[in-house]
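Undergrad: Whatever this is, show me its structure:
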Amino acid sequence: MADTILFPGTVEWSGENPGISLKESPDGPFVTLASFFRVVLSPHGRGHALVLLQSPQEANPPADRANLCLTDNEPLARYLIGEFLSHFGAYRGLPALGGLHFRALDMVEAGGDPASTYTETVRGGDTTVRLAWSGLGEPFCFAFPPDKSATGRHYMPSLFVGCREASVTVNGRTLPGRPVPREIAGRTISTAMLAFSETWIRA
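TA: Got it, this is the predicted structure:
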């Protein structure tokens, strides 16, 4: 019988965090960033948050390229952004995070099948955002120790599903960029992936 794996520390949140990070060229900057959270446990309760950066390098872009957070639990969203998302590699140090517009989330719906094509659709007021992942690969499960996690302070057991293609649309308008290859836990995937069963445990 295998030994039990018990992570020391405090569970700070658990849920899902699929993301899409798009570039126009592999060696260029990210031009579209979307990180979706479906949280089942946290110090701020349950909730959803979609962080959408249409202009990652701008703190105050025009309204048609505004950087948004659509959420049904703003304290939770601010906690996730401040303590976690702001440490993720693609988001670290971006001016856009300082100028986010927080809007109430009215509807969120998952669609498709993680074995082939998967979607998350979020609506807040007159804004509808659709995230789509396709060409999905084999699921794999791993656990980062604190020194390899994005925050440097947490264990992060998670189940990832990589994909070949992904898109972000806002009110039917497709945002620029496409995913590029990346490596994580010894697997080559892309900068767009599904992340399920994700738990952040402060060491």
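
Undergrad: Is the closest residue to Asn171 other than its chain neighbours bridged to anything, and to what?
TA: With Cβ to Cβ, 6 or more residues apart in numbering as the criterion, Asn171 has its nearest non-adjacent residue at 5.7 Å, and that residue is Thr128. Glycine gets a C-beta too; all of them are placed from N, C-alpha and C. Residues in a beta bridge with Thr128, per DSSP bridges, are Arg123.

Undergrad: I'd like to know how far Thr128 sits from Val122.
TA: Separation of Thr128 from Val122 (Cβ to Cβ, to the nearest Å): 7 Å.

Undergrad: Looking only at neighbour counts, state which of those two leads.
TA: Remark: of Thr128 and Val122, Val122 carries more neighbours, 24 against 16, as counted by other Cβ atoms under 10 Å.

Undergrad: Quick check, the more buried one in contact with Arg38.
TA: No - the pair Val122 and Arg38 fails to qualify as a contact (Cβ atoms under 8 Å) at a distance of 10.4 Å.

Undergrad: can you list residues touching both of those two?
TA: When contacts are counted by Cβ atoms under 8 Å, 6 or more residues apart in numbering, Val122 and Arg38 have 48, 108 as shared neighbours.

Undergrad: so the residue nearest to Asn171 touches Glu120, yeah?
TA: No - contact status for Thr128 versus Glu120: not in contact, 11.5 Å apart, counting by Cβ under 8 Å.

Undergrad: okay, and the common contacts of those two?
TA: Counting by Cβ under 8 Å, 6+ apart, Thr128 and Glu120 have no shared contacts at all.

Undergrad: Give the next helix or strand downstream of the helix or strand containing Leu159.
TA: Leu159 is part of strand 154-170 when elements are defined by DSSP states H and E. The C-terminal neighbour of strand 154-170 among helices and strands, as given by DSSP H and E, is strand 173-174.
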